[in-house]
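> next comes the sequence, and after it the predicted model I'd like to discuss.
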Amino acid sequence: MSQSFGYKSGIDEFDRVLGGHLLPGMTILIGGEPGIGKSTLILQAAEAYSKLGLQVLYVTGEESLTQLKLRSNRLQVVGENVTAINTTSLEEINSLISKERYQVIIVDSIQTISSTMLDSPPGTVGQIREVAHQLILSAKANDTALFLIGHVTKDGVVAGPKLLEHMVDTVIYFEGDHTHLYRMLRANKNRFGSVAEIGLFEMRQEGLVEVSNPSSLFLSEKYQEQRSGAVVTALCEGSRPILVEIQALVTSANYGTAQRVATGIENKRLALLLAILEKRCGYPMGTNDVFVNPAGGLKIAEPSVDLALLLSIVSSLLNKPIDPYTLVFGEVGLSGEVRGVSLADRRINEAEKMGFKKVLLPKSNISKITDSKIELVGVENLQTAIESLLN
């Protein structure tokens, strides 16, 4: 198999996660919650590949061809080089593959396909393992790119044997919140590219639309207004910086035990940071309810948001707003020290593009910034950061 060339679909966010392009013989497993948009995404990708002149086979085991046609009309998918079949038989798929030359094969979904060689029903461990094995062997032998759509368990991982993820070249998860419009494509495994890159899409009536400016998606409409409890921070998803507004609300606990409610941020992380705030800075968090939420419903696991999260909490507690044109990032340690973070220069550059005037960041990061048109304020500990912005 030649790997000196690849198929670029024209969907930049999709190609980014794949590693730049789709290689012949490459096998990709796509998982995600029901209704998140997996079929919409892969149908739009099929259209993009067909426009390159590639022959695409779309196997639908869940929807009828009529349903697929209705979806195609809504997405304005012409499908000139796309062959669609409705079947759940592995033998029928293999027969069609042996007769025709396809560059891309899509199976939606792998849990619906079964082989007559096994007596067990579709979706069982044995059937998923055998069907995936046969399809992958066929794809490798014919230099055909293979997409497998997979169901997920309640824990959010692909249903079926873990062996399935080891068999394919790339495992991609399509994530998002049904109450928000954004969708995130993230590689969990990729033999031909980085697993740090993400793709961002917005769900609209006409389908999934690429987000060219992610920061605008995760900043609230009023982020430029002075409000207590609101601080803008910068994440790095792969090599891409994203500005996000962290919002906090602190109120007196009127019902005994204080509440700790976090949306998009791990509750244990919030409890730890509140303990640091009370122990190192003397703020009485044990008698207050604390609610935190990143604007846009984004799920955040990166520790670089620690400083912004704590400053938004103190801002709400004191009812003092922080300058909306100030960006804050940094990891906070147990002793209250502010630790350096990676890719600080990219976060600062993104802040400049979005019109911010000041960045509060770890002091250890400033020495590595060679050129910046924005005011940089370095801090070594949490108390200094609070005094810098709230006093």
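Alright, I've got the coordinates.

> hey, which helix or strand in this protein has the poorest pLDDT?
helix 214-217 (a mean of 80; mean pLDDT, DSSP states H and E).

> run through who's touching that helix.
Here helix 214-217 makes contact (Cβ atoms under 8 Å, 6 or more residues apart in numbering) with 182, 200, 202, 211, 240-244, 296, 350, 353-354. In this view, the C-beta of every residue, glycine as well, is placed from N, C-alpha and C.

> in that helix, which residues are buried?
Within helix 214-217, the residues that count as buried by 16 or more other Cβ atoms under 10 Å are Pro214, Ser215, Leu217.

> thought Gly176 was touching Arg183?
Yes - here Gly176 lies in contact with Arg183, judged by Cβ atoms under 8 Å, at a distance of 4.0 Å.

> now do the shared contacts for those two.
Ile36, Gly37, Met203.

> for burial, what's the neighbour tally of the first one?
Ile36: 20 surrounding residues under other Cβ atoms under 10 Å.

> tell me the secondary structure for it?
coil (DSSP: H, G, I helix; E, B strand; the rest coil).

> and the gap between it and Val158?
According to Cβ to Cβ, to the nearest Å, Ile36 and Val158 sit 13 Å apart.

> what of the last one?
With the distance defined as Cβ to Cβ, Met203 ends up 22 Å from Val158.

> the more surrounded of those two?
Val158 (25 against 18).

> mind listing what the more buried one touches?
Leu29, Gly31, Gly150, His151, Val152, Leu164, Glu165, Val171.

> can you say which helix or strand has Thr66 in it?
helix 65-75 (DSSP states H and E).

> check Ser364 too.
Ser364 belongs to helix 363-366, assigned by DSSP H and E.

> please compute how far the helix or strand that that helix is followed by lies from its chain's middle.
Using DSSP H and E, the helix or strand that directly follows helix 363-366 along the chain is strand 375-379. Centroid separation for strand 375-379 versus its chain: 30 Å, with Cα atoms, centre = their mean, to the nearest Å.

> equivalent analysis for stretch 198-209, please.
12 Å.

> buried sites along that stretch?
Ile198, Gly199, Leu200, Phe201, Met203, Gly207, Leu208.

> residue contacts, the first one?
Just to be clear, that refers to Ile198. Counting by Cβ under 8 Å, 6+ apart, the residues that Ile198 touches are Arg16, Val17, Met184, Leu185, Arg186, Glu237, Gly238, Arg240.

> near the last one, how many other residues are there?
This points to Arg240. 18.

> show me what it is bridged to.
Glu237 (DSSP bridges).

> so where do the helices sit in this protein?
12-18, 38-51, 65-75, 90-99, 125-141, 163-167, 214-217, 267-281, 306-318, 344-353, 363-366, 382-390 (DSSP state H).

> restricting to C-alpha, output the third one in PDB.
To tie it back to what came earlier, the one meant is helix 65-75. Output in PDB follows, covering the C-alpha atoms of helix 65-75 (Å, rounded to 0.1, in the frame of the first residue of the first chain):
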ATOM      1  CA  LEU A  65     -32.700   4.000   2.200                       C
ATOM      2  CA  THR A  66     -35.700   6.300   2.300                       C
ATOM      3  CA  GLN A  67     -34.600   7.700   5.600                       C
ATOM      4  CA  LEU A  68     -31.100   8.100   4.300                       C
ATOM      5  CA  LYS A  69     -32.400   9.900   1.200                       C
ATOM      6  CA  LEU A  70     -34.400  12.300   3.400                       C
ATOM      7  CA  ARG A  71     -31.200  13.100   5.400                       C
ATOM      8  CA  SER A  72     -29.300  13.600   2.200                       C
ATOM      9  CA  ASN A  73     -31.800  16.000   0.900                       C
ATOM     10  CA  ARG A  74     -31.700  18.000   4.200                       C
ATOM     11  CA  LEU A  75     -27.900  18.100   4.000                       C
END
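
> ok, residues contacting it?
Contacts for helix 65-75 (Cβ under 8 Å, 6+ apart): 39-40, 43-44, 47, 58, 60, 63, 77, 79, 84-86, 205-207.

> again, only using 6 Å
Contacts with helix 65-75, where a contact means Cβ atoms under 6 Å, 6 or more residues apart in numbering, come from Thr60, Ala84, Asn86, Gly207.

> again, but for the fifth one
Contacts with helix 125-141, where a contact means Cβ under 6 Å, 6+ apart, come from 25, 27, 90, 97, 110, 113-115, 118, 120, 146, 160-161, 164, 167.
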